[in-house]
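Student: coords please:
(2 chains, ligands or ions: 1)
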Amino acid sequence: MHIATYLGLLHGGENALADTYDVVRTGHADEAGIAHTCRLLAAQCRAHVNALAPIVERYGEHREDEPDRLHAEALPEARTGGVGLLRDLQDLLLLATLVDCSWTAVCQAAQALHDHELIAVVAACQGETKVQQGWLTTQLKAAAPQALLVAR
Amino acid sequence: MADRISDIWGARTPYAAGQEWPVRVDEQLAPDADPGRVRWVPSACVLCSNGCGCDIAVQDGRMVGVRGHAADRISHGRLGPKGLFAGWQAASAPDRLRRPQVRRGGRLVETSWDEAMGLLTATSRRLLDEGGPLTHGFYTTGQLFLEEYYTLGVIGKAGLGTPHMDGNTRLCTATAAAALKETFGCDGQPGSYADVDSADAIFLYGHNVAETQTVLWARILDRLAGPDRPALVCVDPRRTNVADAAEVHLPIRPGTNVALLNALIHEVIRTGAVESGYVAAHTVGFDELARTAAAYPPEEAARICDVPAADIRRAAEIFCHAPRVLSTVLQGVYQSHQATAASCQVNNLHLLRGMLGRPGCGLLQMNGQPTSENTRECGADGDLPGFRNWANQTHIGELAKLWRVDPMVIPHWAEPTHAMQIIRYAEQGSIRLLWIVGTNPVVTLPDVARIRRLLAAEQLFVIAQDCFPTETTELADLVLPAAMWGEKEGTFTNTDRTVHHSGKAVDPPGEARADLDIFLDYAHRMDLRDRDGGPLIRWTDPEGAFTAWQECSRGRPCDYTGLSYARLREGPVQWPCDDARPGGTERLYTDGFFPTRAEQCETYGHDLLTGAAVTPEQYALLRPDGRAVLKAAHYLRPDLGAGDFPLLLTTGRTAYHFHTRTKTARAPHLNAAAPAPWVEVSTADAAELGLAEGDLALVESARGAVRLPVRIARGRPGVVFIPFHYGWWDDPADPHRAANELTETAWDPVSKQPQFKLAAVRLSRAGPDDGTAPAPAQTASAAAGREG
Ligand code: SF4
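Tutor: As a prediction, this is how the structure comes out:
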């Protein structure tokens, strides 16, 4: 059984996403709307990690170490300027999408396992991850023309 | 005659439920006016969102007074202090702007219109060549006429193609629009002012109507003085006149509206007051709403809001049992961190009880400014004209066809840019031309130190169009003198969809021009054309603009096609008004069908926590199909930042002033009633801080500091209040006395309305007692110790 591997991926992914929200929040503090929401969403990701705790207790958790493949890693620091913000939002969206994929895989396994507790955790958390993706897409769409055409 | 400065609401004319509100005609004439020679020009007051119908008195080419319109459905003849004094007195103020001014060598100097408009269009052309339409931003107001908004909307959206158009309506009415869109699929005020006449209970959420709309409060007072008084429930941290008259006053901790409203929903569900048939037939989302509300029993909300659970329960009982409930919502809800989420819960309460579309069962998501409704309809703010959906290609196609332009010209790749983002782009230098019309952002926006800095920046070309010199015109590169109310013709729509025609009574002073004429001149000089090579703007006067707008509104929920100038000159009408409804429409949604069909709605909605846009695909799955959407939201603790700032600041309007006092301070009686700002402190906080009435206090936040005289008032401990009207134009000695020196750049994620009701501050004594604070004695600002 490899569910522990996916719990590890989720745990790592949510943490990386939370840390990146924090990096973007402090790095783009002058973008008030984005900074405020990043603070909220970082807390949301950390709540997801807590919600996983009882599940991890049952299945264990295995952290893969695959440096040469695509994996979730927090942004070390925010970029600057309009285009920098756009790229940071894009990185956040990639991280959130990774997390969303992991939730999907775990959800499938949970159903096959008839694990009602895990199904409930996925139901509560994955919906929020999807809203995060929606928010990031909304921001990206709004910011792109100004950043790419007229930002100084 | 009564002194209508101290007697704000005038004499009582009591009436019973279901009766007509009795007429009382209020009038004010200049001492030198000769009633025999006065000519009366029909209009309506533009000093709050009521829009009380009135006649302007004209003598020798001058406005010399005003008189209420007995037949007016909003006022039944009444006018409040501002309406009686401010408009006509301010018009003849000696310091009106009379000629354009241009900045030369750092100073503003007078110039001709030809030169001013030449400079404007040359700058505009150069920036369009260099960077395209995204270099242009418009920051306008809630005080123009419909014709002006629509013309400007077409210029910006079809002529230039910029999404950067918004106004100070973002500060006053954005949440009303957002909440109506989220719940009902489209903007549009459901209720009517006449609902006051038959309501059995009136709930006022963050709505100090006694000061924001004094004539509406007079109507409620007359019901309270009548035989079958409605029960009032007031949610407001301040002890307002509304609170004094209320059956239940809930002085909640600022920023906790969602918790309180969820508790009310909790009680409606728990006690079985839900109108199940209505909810099943006319709404979606009940299960999630019930699940969310389950977490808020009154005790839990009492803990969060810091009010007694018994009072919450009592309010809920009133809501559950009253046969007809009217709810009104204003800035106490709108200028908070969960503004849209909270306003949607008020909509939900009415849907749960099926309380919509019947006399007395109204819902009024209020507006602040007099004509803010029109900028929402006409698209001079962050909306598309006719409540069209930017994400709906068919809607864009309709506009493109109407305007004879390529649909790609109309910016619709994302939601239009909101005011605070426009300001941010200006700060960063990507918006390089900012055209400010009829507003004073250096006093009204949050964190004004930042606004002053960015408007003064070399890289930004600032145009300020106004009737008066303001703190903002002082910073502009180009100042355009505008005509005011009574000096131009036009129409406007109040907060309950009532459309008034306002006549031209006199000529504007000097070379001042109607805003419409300035926009038309710009369009002409810029040679804005449609795709057939004809002029984009084909009208040349207000009535022509109105006719063009009617066509734009055709078939939309705000249909004006049944109206005309001739019809409106006979008296006001509520939209929608078309062939099928020639008399207008008093209440929306009488049949429980809502404009939520995907092809009809103005928005697919948003996530209330983050503002994430709901996609068309997600909306299709929700399938509202004419049903209202019950949107749920959990309470979220506000983020008040770090630092030692133990008190909460709220800011707001007071009875004698409007906006930044451009008009009201030029009316001597109004000015004398509240000539300078003050800070209201609760008795408990004053005792703890060692403050006495009239002492000078230093109020500090993470953004700035102001020194103001203290009024020890009756608000809740832990909360201080500063009126938001005061800039420094009439007291240059104290350039840092605006409430917005202290406020934070933060906004609601859905409506993007800034959080003026939530800034963390600290207070200390800065000087001794200097007599009493310059605060009114009859309002929420009354000194503590005065009894109800
Ligand atoms: S209530 Fe509003 S519209 Fe009516 S007179 Fe007063 S300020 Fe004017």
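Student: Any chance you could note which residues of the stretch 301-450 of chain B sit beside chain A?
Tutor: Neighbours of chain A within the stretch 301-450 of chain B, by CB under 8 Å from any CB of the partner chain: B:413-415, B:417, B:420-421, B:424-425, B:428-431. All C-beta spots, glycine's among them, are computed from the backbone N, C-alpha and C.
Student: Can you flag which of the residues you listed belong to helices?
Tutor: B:420-421, B:424-425, B:428 (DSSP state H).
Student: Give me every residue in chain A lying close to chain B.
Tutor: A:30-33, A:36-37, A:39-41, A:82, A:131-132, A:134-135, A:137-138, A:141-142, A:145-146, A:149-152.
Student: Angles on the backbone of residue B:777, please.
Tutor: phi -100, psi -10 (degrees, to the nearest 10).
Student: ok, now how distant is it from the ligand?
Tutor: 19 Å (CB to the nearest ligand atom, to the nearest Å).
Student: residues near residue B:779, how many?
Tutor: 20 (other CB atoms under 10 Å in any protein chain shown).
Student: For the residue nearest to residue B:281 when sequence neighbours are not counted, which three-state class applies?
Tutor: Sequence neighbours aside, residue B:592 is the residue nearest to residue B:281 in space, at 6.7 Å (criterion: CB to CB, 6 or more residues apart in numbering or on different chains). Three-state call for residue B:592 (DSSP: H, G, I helix; E, B strand; the rest coil): coil.
Student: which parts of the helix or strand hosting residue A:14 are buried?
Tutor: For residue A:14, the element it lies in under DSSP states H and E is helix A:3-27. Residues of helix A:3-27 classed as buried by neighbour count (16 or more other CB atoms under 10 Å in any protein chain shown): A:3, A:5-25, A:27.
Student: try stretch B:716-728
Tutor: B:716-717, B:719-728.
Student: what does stretch B:521-530 give?
Tutor: B:521-523, B:525-526, B:528, B:530.
Student: These: which ones sit near the ligand?
Tutor: The overlap between the buried residues of stretch B:521-530 and the neighbours of the ligand (CB under 6 Å from any ligand atom) is empty.
Student: rewinding a little: pipe the residues of the stretch 301-450 of chain B next to chain A into a markdown table and attach neighbour count and pLDDT per row.
Tutor: Output for those, formatted as a markdown table (neighbours: other CB atoms under 10 Å in any protein chain shown; pLDDT from 0 to 100):
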| residue | neighbour count | pLDDT |
| --- | --- | --- |
| B:413 | 13 | 90 |
| B:414 | 19 | 89 |
| B:415 | 20 | 90 |
| B:417 | 26 | 96 |
| B:420 | 20 | 96 |
| B:421 | 26 | 96 |
| B:424 | 21 | 96 |
| B:425 | 21 | 96 |
| B:428 | 19 | 94 |
| B:429 | 17 | 95 |
| B:430 | 22 | 95 |
| B:431 | 29 | 97 |
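Student: So which of these is the closest to residue B:653?
Tutor: residue B:420 (20.3 Å; CB to CB).
Student: Leaving out sequence neighbours, find the closest residue to that closest one.
Tutor: Residue B:420 sits nearest to residue B:747 (CB to CB, 6+ apart), 5.8 Å away.
Student: any low-confidence regions in the chain?
Tutor: The chain I'm using is chain A. For chain A, applying pLDDT under 70 flags the ranges A:65-70, A:72.
Student: wrong one, chain B
Tutor: Using pLDDT under 70, chain B drops low at B:1, B:786-788.
Student: Break it into its domains for me.
Tutor: B:101-172+B:370-394+B:404-493+B:504-543, B:174-366+B:595-629, B:647-767 (automatic domain parsing).
Student: returning to what we had before: inside strands: which ones of the buried residues of stretch B:716-728?
Tutor: Residues of these located in strands (DSSP state E): B:719-723.
Student: Need the max-distance pair from those residues.
Tutor: Longest span within these, CB to CB: B:719 and B:723, 14.4 Å.
Student: isn't residue B:586 right up against residue B:195?
Tutor: No. Contact criterion CB atoms under 8 Å: residue B:586 and residue B:195 do not qualify, at 9.2 Å.
Student: Those two - which one has more neighbours?
Tutor: residue B:195 (25 against 20).
Student: Does residue B:359 belong to a helix, a strand or coil?
Tutor: Quick answer, by three-state DSSP: residue B:359 is coil.
Student: Disregarding residues adjacent in the polypeptide, which is nearest to it?
Tutor: residue B:198 (4.7 Å).
Student: ok so, going back, Serialize the buried residues of stretch B:716-728 to TSV and add fields for distance to the ligand.
Tutor: Output for those, formatted as TSV (distance: CB to the nearest ligand atom, whole Å):
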residue	distance to the ligand
B:716	27
B:717	31
B:719	26
B:720	26
B:721	21
B:722	21
B:723	16
B:724	16
B:725	13
B:726	18
B:727	20
B:728	24
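Student: and which of those residues is nearest chain A?
Tutor: Distance to chain A, by CB to the nearest CB, is smallest for residue B:724 among the buried residues of stretch B:716-728, at 19.3 Å.
Student: ok, now which ones touch the closest one?
Tutor: Neighbouring residues of residue B:724 by CB atoms under 8 Å, 6 or more residues apart in numbering or on different chains: B:443-444, B:651-653, B:738-740, B:756.
Student: let's go with 7 Å and repeat that
Tutor: Neighbour list for residue B:724: B:651-653, B:739-740, B:756 [criterion: CB atoms under 7 Å, 6 or more residues apart in numbering or on different chains].
Student: Widest-spaced pair of the residues you listed?
Tutor: Once CB to CB is applied, the contacts of residue B:724 give B:653 and B:740 as the farthest pair, at 13.5 Å.
Student: Show me which positions of the longest helix seen in chain A end up buried.
Tutor: Longest helix of chain A, by residue count under DSSP H: helix A:81-113. In terms of neighbour count (16+ other CB under 10 Å), helix A:81-113 has its buried residues at A:82, A:85-89, A:91-93, A:95-100, A:102-103, A:106-107, A:109-110.
Student: same check, this time on stretch A:29-42
Tutor: A:31-38, A:40-42.
Student: So residue B:66 sits against residue B:84, correct?
Tutor: Yes. Applying CB atoms under 7 Å as the test, residue B:66 and residue B:84 come out as touching, 6.3 Å apart.
Student: Quick check: neighbours shared by these two?
Tutor: Counting by CB under 7 Å, 6+ apart, the residues touching both residue B:66 and residue B:84 are residue B:28.
Student: what secondary structure does residue A:119 sit in?
Tutor: Per three-state DSSP, residue A:119 ends up helix.
Student: Grab the nearest non-local neighbour of it.
Tutor: residue A:110 (4.8 Å).
Student: Show the contacting residues for the one you found.
Tutor: Here residue A:110 is in contact with A:118-119, A:122 (criterion: CB under 7 Å, 6+ apart).
Student: Please render those residues as JSON lines that adds distance to the ligand and neighbour count to the earlier fields.
Tutor: Shown next, in JSON lines, are the contacts of residue A:110 (distance: CB to the nearest ligand atom, whole Å; neighbours: other CB atoms under 10 Å in any protein chain shown):
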{"residue": "A:118", "distance to the ligand": "58", "neighbour count": "22"}
{"residue": "A:119", "distance to the ligand": "56", "neighbour count": "15"}
{"residue": "A:122", "distance to the ligand": "53", "neighbour count": "25"}
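Student: which secondary structure elements does the longest helix seen in chain B contact?
Tutor: Assignment by DSSP H gives helix B:113-131 as the longest helix of chain B. Taking 3 or more CB pairs under 7 Å, 6 or more residues apart in numbering or on different chains; DSSP states H and E as contact, the helices and strands that helix B:113-131 lies on are strand B:433-437, strand B:478-481, helix B:515-525.
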